[in-house]
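Colleague: The amino acid sequence is not available; the structure is as follows:
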Ligand SMILES: [Cu+2]
């Protein structure tokens with residue numbers, strides 16, 4: 001061994017130590033930023049803020065579970081895996097480059113290693129699958145509901161129906177506000193003319209479908225942990241139980257056509273008394289709402 005080689009080896013070890021320290025630091029920073037990944041939103045409401053990273057602040061048990069699944073399980077696992085692979089790459093580049101390792105080993109196959117790199121990823125997937133399927137099951141198992149409402153995705157707005165049996169018996173369309181005449185305090189591309197209103201702390205069952213002659217939409221309210229497709233001719237069900245009053249926003253999340261970006265979802269969560277007062281007022285307001293079915297105008301053909 002020439003004297004220069006010892007120096008080179010020592011330098012490599014130092015580089016490795018430095019890389020390891022760097023990787024550990026990055027991992028720590030990754031875990032730190034993962035924890036408070038909640039959006040700063042306006043008082044009692046929830047929507048994606050500019051430059052937001054991470055998930056919206058959850059306001060239902062399901063959304064909280066989803067946030068924990070993402071921030072507490074998935075993010076640490078993927079951070080560790082990524083840094084481990086990066087460390088391996090750096091190690092290989094430094095230790096086995098042509099200059100440092102002029103005569104490469106011809107070794108192939110290593111039973112222990114091959115079993116390990118099959119079994120370890122499998123175990124990681126099992127660790128991820130268990131909470132994932134539990135969450136999915138809870139999401140789609142509808143508990144005894146206090147309020148059932150129907151959501152219909154249309155081209156390009158939403159219609160909310162409140163059934164008669166629950167002091168409802170009306171339906172109304174929820175359209176995006178005129179963006180050219182947006183009042184101060186109203187959110188661009190999120191606020192609507194008629195928002196859906198639901199009581200706080202109550203289990204709301206959502207029956208979601210799309211216009212029979214329409215296209216597929218996706219009904220999503222991130223803060224509620226609600227995401228379900230609205231499919232013509234099919235009634236999908238999900239539920240939520242909002243724990244805090246406020247305005248909560250979502251957007252159609254399936255590319256559904258030219259105005260896909262202009263059919264936001266706005267839900268106002270209020271107290272039971274406010275909800276009842278709204279029901280009374282809404283019954284009067286929407287009683288005269290014309291049906292969404294339009295008939296051909298015969299007068300157009302007359303001269
Ligand atoms: Cu849509």
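Modeller: That came through fine. Keep in mind that what you see is a predicted model, and the values were worked out from it rather than measured.
Colleague: quick one: low-confidence parts of this protein?
Modeller: 1-45, 288-303 (pLDDT under 70).
Colleague: Could you pull up phi and psi at the most centrally placed residue in it?
Modeller: Nearest residue to the geometric centre of the chain (CA atoms, centre = their mean): residue 222, 5.0 Å. Main-chain torsions, residue 222, degrees, to the nearest 10: phi -60, psi -40.
Colleague: Just to check, it is in contact with residue 60?
Modeller: No - taking contacts as CB atoms under 8 Å, residue 222 lies outside contact range of residue 60: 10.5 Å. All C-beta atoms are positioned from the backbone trio N, CA, C, and that covers glycine.
Colleague: which parts of the stretch 201-303 of the chain sit against the ion?
Modeller: For the stretch 201-303 of the chain, the contact set with the ion under CB under 5 Å from the ion comprises 217, 252, 256.
Colleague: Could you export these as TSV, including secondary structure and neighbour count?
Modeller: Formatted as TSV, those follow (DSSP: H, G, I helix; E, B strand; the rest coil; neighbours: other CB atoms under 10 Å):
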residue	secondary structure	neighbour count
217	strand	32
252	coil	24
256	coil	21
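Colleague: ok, so of these, who is nearest residue 176?
Modeller: residue 252 (10.8 Å; CB to CB).
Colleague: State the distance from that closest one to residue 212.
Modeller: Look at residue 252 and residue 212: by CB to CB, to the nearest Å, they are 18 Å apart.
Colleague: Residue 175 too?
Modeller: For residue 175, the distance to residue 212 equals 20 Å [CB to CB].
Colleague: For the chain, which segments count as strands?
Modeller: Ranges of strands in the chain, per DSSP state E, are 45-46, 147-154, 157-162, 170-174, 196-199, 204-210, 217-221, 226-230, 236-240, 246-251, 264-270.
Colleague: Please identify which of these is closest to residue 132.
Modeller: Nearest of the strands of the chain (CB to CB): strand 226-230, 14.2 Å.
Colleague: Give me the residues contacting the closest one.
Modeller: Applying CB atoms under 8 Å, 6 or more residues apart in numbering, the contact partners of strand 226-230 are 62, 151-153, 206, 208-210, 216-220, 236-238, 240, 250, 253-254.
Colleague: Quickly list the domain ranges of this protein.
Modeller: 3-106, 147-301 (automatic domain parsing).
Colleague: Adding distance to residue 122 as columns, could you present these in TSV?
Modeller: Output for those, formatted as TSV (distance: least, CB to CB, whole Å):
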stretch	distance to residue 122
domain 3-106	14
domain 147-301	28
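Colleague: So which of those domains is the most surrounded?
Modeller: domain 147-301 (a mean of 17; mean count of other CB atoms under 10 Å).
Colleague: Next, the contact list for the residue of the stretch 1-150 of the chain found nearest the ion, please.
Modeller: With CB to the ion, the shortest gap between the stretch 1-150 of the chain and the ion falls at residue 150, namely 16.3 Å. If you count contacts by CB under 8 Å, 6+ apart, residue 150 has them with 160, 161, 163, 171, 206, 207, 208, 209.
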